[in-house]
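Chemist: need a structure here:
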Amino acid sequence: MISILKVKKQFGARVLFADATLQVDWQDRIALVGRNGVGKTTLLEMIANRIGADEGEIVISKGAKIGYLQQSVEPSNDQSVLQEVMSASEAFGRIAGHLGQLELKMRQATGAEKEALGFQVADLHAQFEMHGGYQLESEAYKILAGLGFSEARITGSVLGLSGGWQMRVSLAKLLFAAPQILLLDEPTNHLDLEAVIWLEGFLKRYPGAILLISHDRSFINGIATRIVEIEQARLESYTGNYDRYLLAKAEAATIREATAKNQQKRIEQTEQFINRFRYQATKARQVQSRIKQLEKLDKPAAVEAVKTVRFSFPQPQRCPTHVITLENVSQSYGATSIYQGLDLTIRRGEKVALVGQNGAGKSTLIKILAGMLPIQAGKRQLGSGVTVTYFSQHQWETLDPRATLLEEMEKSDPLGAQPFLRGILGTFLFIGDDVFKRVSVLSGGEKSRLALAKMLVKPAPLLLLDEPTNHLDIPSRDVLEEALLAYTGSLCLITHDRHLIRAVANTIIEVHHGRVTHCHGTYDDYLYKKAQTEATGTPSRHDFAKPPIQTKPKKRTEASRQGERRKANLKRTIEKVEGFIAEATQEYDACVASLANPELYAVKERFYPLMERHRMLQEEIALKTQEWERLSTEYEAIQATSSPNTP
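Modeler: Reported below is the predicted structural model:
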């Protein structure tokens, strides 16, 4: 459907693409990846014919329509959301436009003219039905509902919506129009978790080709059948989803490194021979032969170092078992009740993810926990010595545009030494003189990184994070994930990044119609238990159960004994997994050493099985490492909440 042939594109002296080539076929699901600024959005704009290529060509199949979702909101007419979405249908658009004109004339007409216009309106309604208009309306409703629109919003005016909701309208129009080629630039940016999951399912069934840019790893994994990386101004294609791409990249890097070492060794050996026998007449012929060989040997290319965020949390002070408690809290906005009689406790070591549909009250709850929203009834109680750090969705907007990065860091830690503050900024990719830049010149992603750096200078025992990954690319999200896993305090976060929830959370709290339901376990545990509940109509005995509070350590209940048994089982399982990882890593290192031997490549019956074993070990180690992290997190959570020495 799309042929990109030897395309070149540059802006000034900066070359984004040189000899870039790619073939996109029917029903391809391609995710474009690469560091910020490499040209992902530029490539979509060239395919959409918004900008042209400097050289080469982009050929689109004849008759194929392209739909392009940009990151910016397009101006809308003052009509209902439903009408705006349905206007994406050409047939409906023509009929709706004509109907609007006739209805305006009817209001001004009288007598016979009004009657004649009435017949025309009736005829257009018949045409509307003939073109499947009522089925189209039903489809538009389904798409809007899937993207989180309530009935009131669907029938309300587009102009009354915020920028985020207008972006959802643009996405709904695109999905409703169903073009053969779908270009999506960060489609999940303004969606909540429920809408992201719905969109993923919709795109899996989409009949056309999809090219998307996203920093949501789980979303890419759920959709992509190919990953196209933009690197060194070229397009490199990898079969499979994002996780498979990472494994393939790592494997290729290992092979390149082994090949480079081997090449360098050959060069050094050849140079040693030449230098040793250069002046011996009996070796003159061999020396000349080696010199010619040396000229043909390419020096190993230097691998460009990719800057990544690396930061280890300064750890907060130890706090009481009950970090924060809400008792009988009620909260309303006007006549709309959000919570009535809400009880909630976050304990030491708990890392809570709040989930639920948009508008369920997640942001309200986290603001109540943060003390940013005064409660109308009930009680909010912090544990002794507990302080709170709150990171909002728009935290970067609180930055002073006139201040330098270093000055902003000093506001968070006035007593912090400059080398320490600069070191933290360095881990967030603000290197050297970058620290003297003004906030006003930073991009959205850079501002988010700065806001996170400020939060992590002196982390509180309780972190409350509302969409912390907005504007962050995948490497930055990975570093945030590592930091939150290492963090020893308590955490409550809202995010639509399922990868982050799976990696970090050991408790899921579902917010629904003013009620909160606990699931102590991973996100996948929560999904399983929720599916069981929906299938049976009632929770099973273990589903969504709130664990009893151990008020006195000397009273060992059956629940506490089960916890101790679970902890012992977890410890044994963790030790087994660690043993497996150690053995597999040893075998993997042996494979890498063998692959560095140039003679191996000439013996295919040895090379290919070794390569396959190398790949399998890499996958097994990655999976077991993920399992070890999950088990260790669960073990630490049980240990923190059930230890008899806990204050």
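
Chemist: Tell me which residue lies nearest the centroid of the protein.
Modeler: Residue closest to the average C-alpha location in the chain (Cα atoms, centre = their mean): Asp216, at 2.1 Å.

Chemist: check contacts around that one.
Modeler: Taking Cβ atoms under 8 Å, 6 or more residues apart in numbering as the contact definition, Asp216 lies against Thr188, Val196, His496, Asp497, Arg498, His499. Heads up, the C-betas are built off the backbone N, CA and C, glycines and all.

Chemist: Dump the residues you listed into TSV; add secondary structure and distance to Ile638 as well.
Modeler: TSV is the format used below for the contacts of Asp216 (DSSP: H, G, I helix; E, B strand; the rest coil; distance: Cβ to Cβ, whole Å):
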residue	secondary structure	distance to Ile638
Thr188	coil	33
Val196	helix	30
His496	coil	28
Asp497	coil	25
Arg498	helix	24
His499	helix	24
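
Chemist: residue boundaries of the strands in the stretch 151-300 of the chain?
Modeler: Using DSSP state E, counting those that start in this stretch, the strands of the stretch 151-300 of the chain run over residues 181-185, 209-213, 226-231, 234-239.

Chemist: Using a markdown table, lay out the ones you listed together with distance to Cys591.
Modeler: A markdown table is the format used below for the strands of the stretch 151-300 of the chain (distance: least, Cβ to Cβ, whole Å):
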| stretch | distance to Cys591 |
| --- | --- |
| strand 181-185 | 39 |
| strand 209-213 | 35 |
| strand 226-231 | 24 |
| strand 234-239 | 21 |
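
Chemist: Reformat those into TSV and put distance to Val592, mean pLDDT and mean neighbour count next to each item.
Modeler: Conversion of the strands of the stretch 151-300 of the chain to TSV gives the following (distance: least, Cβ to Cβ, whole Å; pLDDT from 0 to 100; neighbours: other Cβ atoms under 10 Å):
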stretch	distance to Val592	mean pLDDT	mean neighbour count
strand 181-185	38	95	23
strand 209-213	33	96	23
strand 226-231	23	94	20
strand 234-239	21	93	16
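
Chemist: Ser332: which of the ones you listed is closest?
Modeler: With Cβ to Cβ as the measure, strand 181-185 is the member of the strands of the stretch 151-300 of the chain nearest Ser332 (37.6 Å).

Chemist: Restricting to C-alpha, output the closest one in PDB.
Modeler: The C-alpha coordinates for strand 181-185 follow below in PDB (Å, rounded to 0.1, in the frame of the first residue of the first chain):
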ATOM      1  CA  ILE A 181      -4.200   3.700   5.900                       C
ATOM      2  CA  LEU A 182      -4.200   5.000   9.500                       C
ATOM      3  CA  LEU A 183      -1.400   7.200  10.700                       C
ATOM      4  CA  LEU A 184      -1.500   7.800  14.500                       C
ATOM      5  CA  ASP A 185       0.900  10.100  16.300                       C
END
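
Chemist: to the chain's geometric centre, what's the distance from that strand?
Modeler: Taking Cα atoms, centre = their mean, to the nearest Å, the mean C-alpha location of strand 181-185 is offset from the chain mean by 17 Å.

Chemist: Stretch 240-250 now?
Modeler: That offset, for stretch 240-250, works out to 16 Å (Cα atoms, centre = their mean).

Chemist: Which positions within that stretch qualify as buried?
Modeler: By neighbour count on 16 or more other Cβ atoms under 10 Å, the buried set for stretch 240-250 is Asn241, Tyr242, Asp243, Arg244, Tyr245, Leu246, Leu247, Ala248, Lys249.

Chemist: do stretch 26-41 as well
Modeler: Buried, per 16+ other Cβ under 10 Å, within stretch 26-41: Asp28, Arg29, Ile30, Ala31, Leu32, Val33, Gly34, Val38, Gly39, Lys40, Thr41.

Chemist: out of these, who's nearest Arg477?
Modeler: Distances from Arg477 to the buried residues of stretch 26-41, taken by Cβ to Cβ, are shortest for Val33, at 12.9 Å.

Chemist: still on that earlier bit, Serialize the buried residues of stretch 240-250 to TSV and add fields for pLDDT and distance to Tyr339.
Modeler: Output for those, formatted as TSV (pLDDT from 0 to 100; distance: Cβ to Cβ, whole Å):
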residue	pLDDT	distance to Tyr339
Asn241	93	39
Tyr242	93	38
Asp243	91	39
Arg244	91	43
Tyr245	92	43
Leu246	90	41
Leu247	88	45
Ala248	87	48
Lys249	85	46
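
Chemist: which ones among those are found in helices?
Modeler: In helices, defined here by DSSP state H, the members of those are Tyr242, Asp243, Arg244, Tyr245, Leu246, Leu247, Ala248, Lys249.

Chemist: between these, which is nearest Met86?
Modeler: Of all those, Met86 sits closest to Tyr242, with 34.5 Å by Cβ to Cβ.

Chemist: and that closest one, how far is that from Ala531?
Modeler: 25 Å (Cβ to Cβ, to the nearest Å).

Chemist: okay, the strand or helix carrying Thr21 in CSV with CA atoms only?
Modeler: Using DSSP states H and E, the element containing Thr21 is strand 14-24. C-alpha atoms of strand 14-24 as CSV (Å, rounded to 0.1, in the frame of the first residue of the first chain):
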residue,chain,number,x,y,z
ARG,A,14,20.4,18.2,9.9
VAL,A,15,19.8,15.1,7.8
LEU,A,16,16.7,13.1,9.1
PHE,A,17,16.5,10.6,6.3
ALA,A,18,19.1,9.4,3.7
ASP,A,19,18.3,6.6,1.3
ALA,A,20,15.4,5.5,3.5
THR,A,21,13.3,2.6,2.1
LEU,A,22,10.3,0.8,3.5
GLN,A,23,7.4,-1.3,2.2
VAL,A,24,4.0,-1.2,4.0
